[in-house]
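Engineer: return atomic coordinates for the entry below.
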Amino acid sequence: MRPFAKIAASALAALFLYLAAMAVLAADVTFDVAPLTIVTADGHKHDFTVELAVDSDQRALGLMNRREMADNHGMLFDFGQTRQVMMWMKNTYLPLDMLFLRQDGKIATVRENAVPLSETIIDSREPVAFVVELNAGTVKRLGLAEGDTVVSDRIKGQ
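Structural biologist: As a prediction, this is how the structure comes out:
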């Protein structure tokens, strides 16, 4: 075998093993679901069903590899502490809106239309405790904004 062919074969084998490991990880990670309500400044309530990403495996997987999500669904990431949060869209096929939440459930930062499959860092801009991911366009469609409140049993600071 030529040197380049050996390198290519080794790289292909490594890629296969990586993808197989990711598939096993994804197969082992499950998410509980819970209701979540977003209350706008003018009092309108918008109800969602969210999957809960509360441990490190769940947070690492997030919505990766999903091809669709119902309009009134999303994911709530609970970091267990308040800190600067950085997200990305690697292996995420769905365009998303992200709501970065303070401990009390107030929306601190809104990031709309995250680009699928991008490795660009999406920064919370300040320390937060939670992130809600929704289908792209939800923020605009519902008129959600910084200062609105997210209500969930997971958010204890309310």
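Engineer: where in this structure is pLDDT low?
Structural biologist: For the chain, applying pLDDT under 70 flags the ranges 1-27, 157-158.
Engineer: tally of neighbours for the closest residue to L101 other than its chain neighbours?
Structural biologist: Closest residue in space to L101, ignoring its immediate chain neighbours: F130 at 4.0 Å, by C-beta to C-beta, 6 or more residues apart in numbering. C-beta: built from backbone N, CA, C; applies to glycine. Taking other C-beta atoms under 10 Å as the criterion, the count of residues near F130 is 26.
Engineer: so what's F130 bridging to?
Structural biologist: Beta-bridge pairing for F130 (DSSP bridges): D78, L101.
Engineer: now the one 4 residues further on
Structural biologist: Taking DSSP bridges, one finds G74, D97 as the beta-bridge partners of L134.
Engineer: show me what contacts it?
Structural biologist: 48, 74, 96-99 (C-beta atoms under 8 Å, 6 or more residues apart in numbering).
Engineer: do the same with T82
Structural biologist: 102-103, 127-129.
Engineer: which two from those residues end up farthest apart in space?
Structural biologist: Pairwise distances across the contacts of T82 peak at 9.0 Å for Q103 and P127 (criterion: C-beta to C-beta).
Engineer: so where do the strands sit in this structure?
Structural biologist: When secondary structure is read from DSSP state E, the chain shows strands at 33-39, 45-53, 73-83, 86-87, 96-101, 107-114, 122-123, 128-135, 149-151.
Engineer: pull up the gap between M64 and A114, please.
Structural biologist: Between M64 and A114 the distance is 13 Å, computed by C-beta to C-beta, to the nearest Å.
Engineer: hey, what's in contact with both of those two?
Structural biologist: Common contacts of M64 and A114, defined by C-beta under 8 Å, 6+ apart, comprise T92.
Engineer: brilliant, that's me finished.
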